[in-house]
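Student: got a predicted structure plus its sequence, pasted below:
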Amino acid sequence: MKNPQPQQGQQAGGQAQSQLSKIKGPEMNDRDRINDVLAMEKYMMLAYNVASNEASNDALYRVQMNILSDIHQCQRDVFNLMHAKGWYKFDNADQQNVAKAAQKFTNYQTQFPYR
């Protein structure tokens, strides 16, 4: 029996190459699945937001708002998981830019007709 050749993505010594250097095939991996879950959560947030805004019954409205809150929390948990694994990257804003953005949105509050 012949010795099997190292599989693609492995070195002759049996050590796996960096995951970043592998060419991904058509199969879904964990990152693809969790990215799909995140997209689904975002779509559900949009749908439940519209549904709760258009609910004509107070009891239905409260149920939909509770579900919407749960979806927001689930989306946040998925986002945090992806960020922890390095699958959702972003640059951290410096404190000055955060303060500028906060002031900008605080100023918008003065324009709201309902306060």
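Tutor: Yep, that arrived.

Student: after the biggest helix by length in the chain, next one along is what?
Tutor: In the chain, assigned by DSSP state H, the helix with the most residues is helix 58-84. Next helix or strand after helix 58-84 toward the C-terminus (DSSP states H and E): helix 95-109.

Student: same question for that next one, mean pLDDT?
Tutor: What helix 95-109 shows for mean pLDDT is 85.

Student: identify each buried residue in that helix, please.
Tutor: Within helix 95-109, no residue is scored as buried using 16 or more other CB atoms under 10 Å. Just so you know, the C-beta spots here come from the backbone N, C-alpha and C atoms, and that holds for glycine as well.

Student: convert the C-alpha atoms of that helix to CSV, please.
Tutor: Output in CSV follows, covering the C-alpha atoms of helix 95-109 (Å, rounded to 0.1, in the frame of the first residue of the first chain):
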residue,chain,number,x,y,z
GLN,A,95,-11.9,58.8,22.4
GLN,A,96,-12.0,62.1,20.5
ASN,A,97,-14.0,60.6,17.6
VAL,A,98,-16.4,58.9,20.0
ALA,A,99,-17.0,62.1,21.8
LYS,A,100,-17.6,63.9,18.5
ALA,A,101,-20.1,61.3,17.3
ALA,A,102,-21.9,61.4,20.7
GLN,A,103,-22.2,65.2,20.5
LYS,A,104,-23.5,65.0,17.0
PHE,A,105,-26.3,62.6,18.0
THR,A,106,-27.0,64.6,21.1
ASN,A,107,-27.5,67.7,19.0
TYR,A,108,-30.0,65.7,16.8
GLN,A,109,-32.2,65.2,19.8
